[in-house]
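Peer 1: what shape does this take:
(chains A and B)
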Amino acid sequence: MALPGKDMQAAIAATRFGLGARPGEIDAAKSDPRGWLKAQITRDGADLPQNDGRNSAQRLADYREDQQAIQAARKSGDPEALKAAQRDRRQDVNQDFLARAQLGTNTSASFRERWALFWANHFTVSGTKQITASIAGAFEQEAIRPNAFGPFEDILVASSSHPAMLTYLDQAQSVGPESMVAARAQRKGRRQGLNENLAREILELHTVGVNGGYTQSDVTEFARAMTGWSVARNPQETAEGAFLFRTATHEPGERTVMGRRYGQDGVDQARAVMADLARRPATARHCARKIAAHFVADTPPPALVARLEKAWLSSDGRLDVVAQALIDAPEAWDPTPTKFKTPYEFLISTWRAIGTQPQALNQIGPTLNSLGQPAFRPPSPEGWSDETSAWAAPDALIKRMTFAQGFAARVGDRLDPNTIAVGALGARLSEPVAKAVARAESRPEALAVLLMSPEFQRR
Amino acid sequence: MTDHHTHGFSRRQALFGALGLGASVTFMGRAARAEPNGKKLIVLVCRGGLDGLSLTPPVGDADYAGLRGGVAYTPEQALKLDGTFGLHPAMSRAHALAQKGQLRIAPAVATPDRARSHFEAQDVLETGSEAKYTATSGWLNRTLQALSPERKVEALSVGAVAPLILRGQVQAASWSPGRNADSTARLPTILQDLYKNDPLLGPVFARGLQTEAMAQIAMTGLPAPATAQPMEGMAKPDPAAMQAAQRQGMAAAEKLGVTVANFMTQAGGPQIVAISLDGFDTHSGQVGQLQQRLNYMDALIGGLTTGLGPAWKDTVIVAATEFGRTARVNGTGGTDHGTASSALVLGGGLKKGGIIGDWPTLQQTALFENRDTRPTLDMRGLFKGVLRDHLGVEQRALDTTVFPDSASARPVTGIV
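Peer 2: Residues are numbered from 1 along each chain as shown, chains lettered A, B, ... in the order given. Okay, the predicted model is just below:
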């Protein structure tokens, strides 16, 4: 497969691999588009959004305080106090999301950012649960971003042991049926037991995939091995972070998962299972396909998947090596874009196109809600869909147009739309769109046309 | 928002409640202060290049009908102004004002810009500068600065954001009737065209527009406004539906005019208002498109004069566009970007007089670059005349700060 020319490569690098070109970016990538992308791969991970710097343990403490205030306000029947407390609880989440959006719009290494967002979505946590919402931003910051270009095993363990994941998928409450805590509960006439949710999703979504060759008994055995992986209820329980291994809830004994026996004690048992899962060929295949589908096409070329799988297996799942393989794969450079931007990608690329950033959450939050991708609230552990059919719906497209009109009305009359169009799409800018932009009767109309053009809606 | 807003807000809230517009108000009202002299100015910025030869068709010009072909108006269609000029048939309310001596036309006026680019020309029109990119604030804003030493003048723009003409150091209010998408915008039509070969976006978008139209009918009981130029292969809009949409648009324009006038007549209300109108870029289907847009403009002017009531005698409305269009009709029932166009000056206290500026005629030798109406009047001179004689802005300020380095563009005298 022949690669397109350098100009087209640069446009693809910035818009398909990255989050959309900022003014001047495509020019900067032109001399060596692949090198420009590869330079964004950094072993120490992806960039951290500029948030308030409070870690998960502190955030959880804040959250519990807010919850108490909310309960107190409910009890006293003071609607103003209730509103204030609820606002406090929401505020951290909003700030985290804005910080992430601003990083996305400002970064000059937006392939690195997309790569981090891909893994954050792979290991989805969702703010549909209040407690998880309070640390959804911290999850990306602590578990995903530092490990985005490291060994897959590291990001798997970091995400599985993070309080956001442990609360979102109910692991924190899971108790081994034969554990000390369960025995104590039984004596008092209460039953406490296993919750398989996280163990199942690790197998089904995060590692080997739904056809990865596991059975129900593997899920249960893995869930037993994971018992004890929990979250500190208060700062006294653990000095560092919010993860806490509770020996008293851990199911004693040896486990067998997917044909392998695990005799380890305590926290190391589930870790050993994860280490093996990370190395299974099914995991390589599952993740390779998902990466290819995210970056290149809903139905990715098998040759591309095979390349990524090979890179994964030969490097023991090193994500930096897989990222290099993606950049090297000629199939990733097909000039015809097939990926339809998600609402988040559309908004981030819009701000990138004009070289500014959203200043407040209300500039993006309501639009993301109306387009079906509310901030930090994916609908299920599967995360946001990557498929065109999920996003290119009639009403959604009209809403994108309404957003584009409003956005262009606010900022469009100060910009030169022809320059913006070339800067945002480079060689991907088609003649009909360039003409429509140039012929628009006002700058705002021209910008709205660009934002809604077929090539800007795709990547 | 400043801390001044509380007073004005409650009053206006009541106003909008009554109108049922569901508007969001960002108007910064202030408590009444030493009253200015009561003179009011409204600038209508007509975007897209309004065709002067249609706004004020020179039906008495010997070359007009020949050049214009299918987009020409007959002397019977045009609403007669004088032996040469008429008004566009849609402008019946403006014509009634003309008959009272309250409307005059400047039929061959242009900014100093000659590039025929919308973006550039609108910049020059609104900044009041000699060339593009030489100023970043609008001349109406600088007018406020020039007036402020003597008296406090408030300004308001209608639309989600202030247009360039009113942007600058002096804080001006903006207000919009609070609709999400501009249903008169051309964007859906342009996108339908760009999506026509797109197997995904084409059908999805068509479906979305259909649903929108149904929602509009469900909410208002009236059909959605038809897009200006129906796409090939699409069903032609039902004429009855189009007429209903026109009436709906005109009713909205009239209401907008009355509302803005009510702002202006309140104590401490704005005395300077800028309103943008778009959709004048008539490369094809010009007759139909202009009928719709000028119906809207005429209804807006009607609403303004009705709402202003006794204050109309102290008010001037200027309607101007960034450039005119080619003298000859093109191959698609429209006209392309040109040079001079017509500006309208309306007011309850205008001086009697004929056309403002000279009429260069449409003889072939008189055309600018053998294609456009030749400019005989600098747009800045027209604006300066109104600002000096109506608002009382000093000529020195007009020549230097409001319209920088414009001493050569002398104020037109004898309008007000």
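
Peer 1: so where is chain A shaky, pLDDT-wise?
Peer 2: For chain A, the stretches flagged by pLDDT under 70 are A:239-240.

Peer 1: and it, what are its domain boundaries?
Peer 2: With domains defined by automatic domain parsing, chain A comprises A:169-279, A:281-336, A:343-457.

Peer 1: select, out of those domains, the one closest to chain B.
Peer 2: Checking the domains of chain A against chain B by C-beta to the nearest C-beta gives domain A:343-457 as the closest, at 3.4 Å. Any C-beta I mention is one placed from the backbone N, CA and C, and that applies to glycine too.

Peer 1: between the two ends of that closest one, how far is it?
Peer 2: 10 Å (C-alpha to C-alpha, to the nearest Å).

Peer 1: how about stretch A:386-396?
Peer 2: Terminal residues of stretch A:386-396 are spaced 15 Å apart (C-alpha to C-alpha).

Peer 1: B:Leu200 reaches A:Thr388, doesn't it?
Peer 2: Yes: using C-beta atoms under 8 Å, B:Leu200 makes contact with A:Thr388 at a distance of 6.7 Å.

Peer 1: and for the two, which residues touch both?
Peer 2: A:Phe340 (C-beta atoms under 8 Å, 6 or more residues apart in numbering or on different chains).

Peer 1: so what pLDDT did the residue nearest to B:Thr373 when sequence neighbours are not counted get?
Peer 2: The shortest distance from B:Thr373 to any non-neighbouring residue, by C-beta to C-beta, 6 or more residues apart in numbering or on different chains, is to B:Ala340 (4.2 Å). B:Ala340 is assigned 98 on the pLDDT scale.

Peer 1: check contacts around B:Ala340.
Peer 2: B:Ala340 makes contacts with B:52, B:108-110, B:323-324, B:360, B:368, B:372-376, as judged by C-beta under 8 Å, 6+ apart.

Peer 1: of those residues, just say which sits nearest to chain A.
Peer 2: Distance ranking of these against chain A, using C-beta to the nearest C-beta, places B:Phe323 first at 11.1 Å.

Peer 1: measure that closest one to B:Thr413 for me?
Peer 2: To B:Thr413, B:Phe323 is 25 Å away according to C-beta to C-beta, to the nearest Å.

Peer 1: can you select the buried ones among the contacts of B:Ala340 for me in PyMOL?
Peer 2: A single PyMOL command is used to select the members of the contacts of B:Ala340 judged buried by 16 or more other C-beta atoms under 10 Å in any protein chain shown:
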select buried, chain B and resi 52+108+109+110+323+324+360+368+372+373+374+375+376
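
Peer 1: my guess is B:Leu294 contacts B:Leu55. True?
Peer 2: Yes: taking C-beta under 8 Å as the definition, B:Leu294 is a contact partner of B:Leu55 at 7.1 Å.

Peer 1: which of those two has more neighbours?
Peer 2: When B:Leu294 and B:Leu55 are compared for neighbours, B:Leu55 comes out ahead with 27 against 22, by other C-beta atoms under 10 Å in any protein chain shown.

Peer 1: is it true that the more buried one touches B:Arg325?
Peer 2: No: using C-beta under 8 Å, B:Leu55 is not in contact with B:Arg325, being 10.3 Å away.

Peer 1: overlap of the contact sets of the two?
Peer 2: With C-beta under 8 Å, 6+ apart, B:Leu55 and B:Arg325 have common neighbours B:Ser341.

Peer 1: what segments of the stretch 301-416 of chain B are helices?
Peer 2: Remark: helices assigned in the stretch 301-416 of chain B by DSSP state H, counting those that start in this stretch are B:379-386, B:395-397.

Peer 1: hey, where'd the strands end up in the stretch 51-200 of chain B?
Peer 2: B:79-80, B:86-87, B:103-110, B:155-158, B:173-176 (DSSP state E, counting those that start in this stretch).

Peer 1: now the second one: mean pLDDT?
Peer 2: Confidence over strand B:86-87 (mean pLDDT, whole number) is 98.

Peer 1: direction included, what does it pair against?
Peer 2: strand B:79-80 (antiparallel) (DSSP bridges).

Peer 1: any idea how far the partner strand is from the chain center?
Peer 2: 20 Å (C-alpha atoms, centre = their mean, to the nearest Å).

Peer 1: residues making contact with that strand?
Peer 2: Strand B:79-80 is contacted from outside by B:86-89, B:91-92, B:95, B:98, using C-beta under 8 Å, 6+ apart.

Peer 1: hmm, 6 Å instead?
Peer 2: Here strand B:79-80 makes contact (C-beta atoms under 6 Å, 6 or more residues apart in numbering or on different chains) with B:86-87, B:95.

Peer 1: one step back: which one of the strands of the stretch 51-200 of chain B lies nearest to B:Gln271?
Peer 2: Evaluated over the strands of the stretch 51-200 of chain B, closeness to B:Gln271 peaks at strand B:155-158, with 7.5 Å, by C-beta to C-beta.

Peer 1: tell me what that closest one is packed against?
Peer 2: Packing partners of strand B:155-158 (3 or more C-beta pairs under 6 Å, 6 or more residues apart in numbering or on different chains; DSSP states H and E): strand B:272-277.

Peer 1: now the strand it packs on: mean pLDDT?
Peer 2: 92.

Peer 1: and the gap between the closest residue in space to A:His286 that isn't next to it in sequence and A:Pro151?
Peer 2: In this structure, A:His286 finds its nearest non-sequential neighbour in A:Gly209, 3.4 Å apart by C-beta to C-beta, 6+ apart. The spacing between A:Gly209 and A:Pro151, counted by C-beta to C-beta, is 19 Å.
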